[in-house]
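Coordinates only, no sequence provided:
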């Protein structure tokens, strides 16, 4: 958590290529001030932030492996990340449907400097692959049917 934006800046500086970062709101909040670096250097970075108002990966682990005993994962922040990114000088939008997202991402990839797309999602939306606690890499959960089976649904 918190690694993506800095890594994207490094990748954009090293390659000169447009970089797309997909990150969560918890991870983004850990180093969002680095948007200043992206703006100062007009780096071609598009931040796609999945905003679920929780620490999503940790909550997912608590759902899957700790019988939904949630601890310290609900952020309950009322941050308007689009306005925040705009305050840093970044072109920012919010996509609430897949169609909006597709159009906004296409437009963002044409911009020479940094852009930001916030995508609100449900707090219980899961991502895959998932590495089980204490498991080896060959035991990855790779699809949603496996996730549902693990939860007994």
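Cool, the structure landed. Every value quoted in this text rests on a predicted model; they were computed, and no experiment measured them.

could you pull out the helices for the protein?
4-15, 25-31, 35-40, 56-65, 81-87, 98-108, 144-151 (DSSP state H).

got these as CSV, with mean neighbour count, mean pLDDT and distance to residue 136 columns?
Every residue, glycine included, has its C-beta placed from N, CA and C. As requested, the helices of the chain are exported to CSV (neighbours: other Cβ atoms under 10 Å; pLDDT from 0 to 100; distance: least, Cβ to Cβ, whole Å):
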stretch, mean neighbour count, mean pLDDT, distance to residue 136
helix 4-15, 16, 96, 25
helix 25-31, 20, 84, 25
helix 35-40, 18, 96, 37
helix 56-65, 19, 61, 15
helix 81-87, 17, 95, 36
helix 98-108, 14, 97, 34
helix 144-151, 13, 64, 15
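
Among those helices, which comes closest to residue 138?
Residue 138 lies closest, by Cβ to Cβ, to one member of those: helix 144-151, at 13.5 Å.

on that earlier part again, mind putting the helices of the chain in JSON lines, distance to residue 120 included?
Formatted as JSON lines, the helices of the chain follow (distance: least, Cβ to Cβ, whole Å):
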{"stretch": "helix 4-15", "distance to residue 120": "18"}
{"stretch": "helix 25-31", "distance to residue 120": "9"}
{"stretch": "helix 35-40", "distance to residue 120": "19"}
{"stretch": "helix 56-65", "distance to residue 120": "12"}
{"stretch": "helix 81-87", "distance to residue 120": "10"}
{"stretch": "helix 98-108", "distance to residue 120": "11"}
{"stretch": "helix 144-151", "distance to residue 120": "20"}
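
So for residue 115, which of the ones you listed sits nearest?
Within the helices of the chain, the stretch nearest residue 115 is helix 98-108; the backing value is 3.9 Å (Cβ to Cβ).
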